[in-house]
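**Student:** No sequence on hand, only this structure:
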Ligand SMILES: CCCCC/C=C\C/C=C\CCCCCCCC(=O)SCCNC(=O)CCNC(=O)[C@H](O)C(C)(C)COP(=O)(O)OP(=O)(O)OC[C@H]1O[C@@H](n2cnc3c(N)ncnc32)[C@H](O)[C@@H]1OP(=O)(O)O
Ligand SMILES: NC(=O)C1=CN([C@@H]2O[C@H](COP(=O)(O)OP(=O)(O)OC[C@H]3O[C@@H](n4cnc5c(N)ncnc54)[C@H](OP(=O)(O)O)[C@@H]3O)[C@@H](O)[C@H]2O)C=CC1
């Protein structure tokens, strides 16, 4: 019912019907076989092509670069827009990136792969993206496909900053793209949560919450304080500036659909890789990764999530395979309007928050088998949808141990730090809970349509068929991945980490016993009734022991 209402609502929207019709056209093409004579495979298509990538130093950008180099070895060159950062020059950053373990397989196949990567200095927050006129000339002369991955993905980003990067920079990139003489496709990476104010999300671009141009003009003259004050009113029923500006960006991209061949990819919660280049590859604390690590370290013990809601995780290699296939499809088929691909798992192979935490203890059991080093406590996190229960456990399992530990640090002459860590964790968790406490339904027909367009060989090389995904195995590899690639811990140190967990367990048993004895002693000293109960229990135990001894003597 909700679905049909939303669909009919979508049908009345600007361009939505056209987009739905376009999807139909794509589907009709497959049925009638208009693809006709043999079409280039995905790798064949990328052969000899010059590709421009923004956000190549980021999590998804790196996987995109790696996959292009490995599975499309004939690609001509990858132009990547990079800025100097944290005292490192652009060249230094790119050379560090290429040394990363992620590129081990490419390095094996082609030790000279770096020759195909051409860094272009660019700061996306600056006018003209701060690309030099010579570089602009170079790019406009040679680029065939653009993948726009760069964005700020922080949930607490001030609106002006998020708008500048996610919307204005996208607009500028689109202007640059229009000057490119040989451009065949422009692929924009959005998020499945750009329209999280809706419960059913179709593969259409919904009207923006506000006309981006008007917002940009209004914010220009406001100082940061005013913008901060009006942000909640502006973002309305979206949870943060990230999802709000990503929705605006989609609209900005759609405005150019008459001039460019556009594809929009909307991944849900992007997690560690499933298969490629290695299972479990991940390099950051974003989304669930930070939560898993905090749980594995025994810091996070409770989190609010709806056990029955779908945890719409999508492995990064799936997103990148779909992105490359969408680039190929957009360039070859040139759809009349921008095609949107909801890149999600919930409707195809659902997995629930409860399965991650409470029910099957996937994350917990994985971290008990492969513990993280120097855990604060034994991993034991629980998910609850109840606000009060969660608050209770925060008090008992987070704040109380943090206080005791900080007291211990103070007494031993060290700087207290645990409360600070917990405060940061609570801030991060509070920003994520919006996504773990609700359910969304995404239509992902275009994902299926695209799959049906691939040759059987491409379906294997650019696999995005999430029906084959085995969640327990994926989560196990994900947890190991956070240990190996995010925390850079050595797998050979696992026995020592297990030993540390055993030590923590013994400390807990000792602490609990002392606590019970202490509380009991306090009661016994103060209450006659407690004393009577105590004598009663002791005499009962004594009688039981005597009976047990007597009966075992008789049987002997
Ligand atoms: C065990 C049962 C668990 C079950 C539940 C499991 C999963 C959780 C649920 C929900 C996931 C929902 C995710 C929804 C995603 C929506 C999809 C998208 O479209 S976008 C991509 C997602 N974006 C993000 O995830 C960004 C979120 N992060 C932020 O907004 C900010 O980082 C912040 C949380 C506001 C924190 O900001 P702060 O300024 O305080 O810190 P920094 O970011 O500067 O980081 C400082 C430092 O800390 C490290 N760090 C960051 N986050 C974590 C973390 N969660 N845990 C541990 N450490 C973390 C970071 O790397 C920095 O380190 P360094 O200084 O060394 O670089
Ligand atoms: N991760 C996720 O769960 C999801 C991500 N997405 C989308 O996927 C895309 C990629 O996300 P992800 O890889 O995770 O993000 P990351 O934060 O890992 O990467 C962001 C990239 O953008 C670049 N960038 C940011 N600011 C600037 C700037 N001012 N100038 C030049 N470059 C800049 C970063 O460069 P630098 O290294 O210099 O900072 C980095 O390369 C985004 O569009 C995001 O919205 C969608 C759904 C989920």
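**Tutor:** That came through fine. Computed from a predicted structure; not experimentally measured. Ligands and ions are numbered 1, 2, ... in the order given.
**Student:** okay, CA-based contacts and neighbour counts for the rest of this
**Tutor:** Fine.
**Student:** The helix of greatest length in the chain packs against which elements?
**Tutor:** If you go by DSSP state H, the chain has its longest helix at helix 494-526. Judged by 3 or more CA pairs under 8 Å, 6 or more residues apart in numbering; DSSP states H and E, the packing partners of helix 494-526 are helix 528-555.
**Student:** could you give the angle of the helix it packs on to helix 494-526?
**Tutor:** 120 degrees (axes from the mean of the first three to the mean of the last three CA atoms, to 10 degrees).
**Student:** Can you give the distance of helix 528-555 from its chain's centre?
**Tutor:** 58 Å (CA atoms, centre = their mean, to the nearest Å).
**Student:** All the strands of the stretch 251-400 of the chain, residue numbers only.
**Tutor:** Taking DSSP state E, counting those that start in this stretch as the test, the strands found in the stretch 251-400 of the chain are 262-267, 269-271, 302-304, 313-315, 339-343, 382-384.
**Student:** And the stretch 51-200 of the chain, by the same measure?
**Tutor:** 77-82, 117-121, 145-148, 185-189, 200-201.
**Student:** Which one of the ones you listed lies nearest to ligand 2?
**Tutor:** strand 185-189 (4.9 Å; CA to the nearest ligand atom).
**Student:** in the sheet, who's paired with the nearest residue in space to residue 191 that is not next to it in sequence?
**Tutor:** Nearest residue to residue 191 in three dimensions, chain neighbours excluded: residue 266, at 4.2 Å (CA to CA, 6 or more residues apart in numbering). Beta-bridge partners recorded for residue 266 (DSSP bridges): residue 342.
**Student:** cool, the one 4 residues further on as well?
**Tutor:** Listed by DSSP bridges, the beta-bridge partners for residue 270 are residue 314.
**Student:** can I get the strands of the stretch 51-200 of the chain in a markdown table with mean neighbour count and mean pLDDT?
**Tutor:** Below are the strands of the stretch 51-200 of the chain laid out as a markdown table (neighbours: other CA atoms under 10 Å; pLDDT from 0 to 100):
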| stretch | mean neighbour count | mean pLDDT |
| --- | --- | --- |
| strand 77-82 | 23 | 98 |
| strand 117-121 | 19 | 98 |
| strand 145-148 | 24 | 98 |
| strand 185-189 | 26 | 98 |
| strand 200-201 | 21 | 97 |
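**Student:** number of nearby residues for residue 400?
**Tutor:** By the criterion of other CA atoms under 10 Å, residue 400 has 14 neighbours.
**Student:** thinking again about what came up before, got the contact list for the residue nearest to residue 191?
**Tutor:** 189-193, 340-344 (CA atoms under 8 Å, 6 or more residues apart in numbering).
**Student:** Can you tell me which residues in the stretch 101-250 of the chain are near ligand 2?
**Tutor:** 123-125, 149-153, 189-191 (CA under 6 Å from any ligand atom).
**Student:** Show me what stretch 343-363 is in contact with.
**Tutor:** Against stretch 343-363 from outside (CA under 8 Å, 6+ apart): 192, 265-268, 292, 296, 305-314, 319, 322, 364, 381-383, 436, 441-444, 447, 466-467, 469, 471-472, 475-476, 479.
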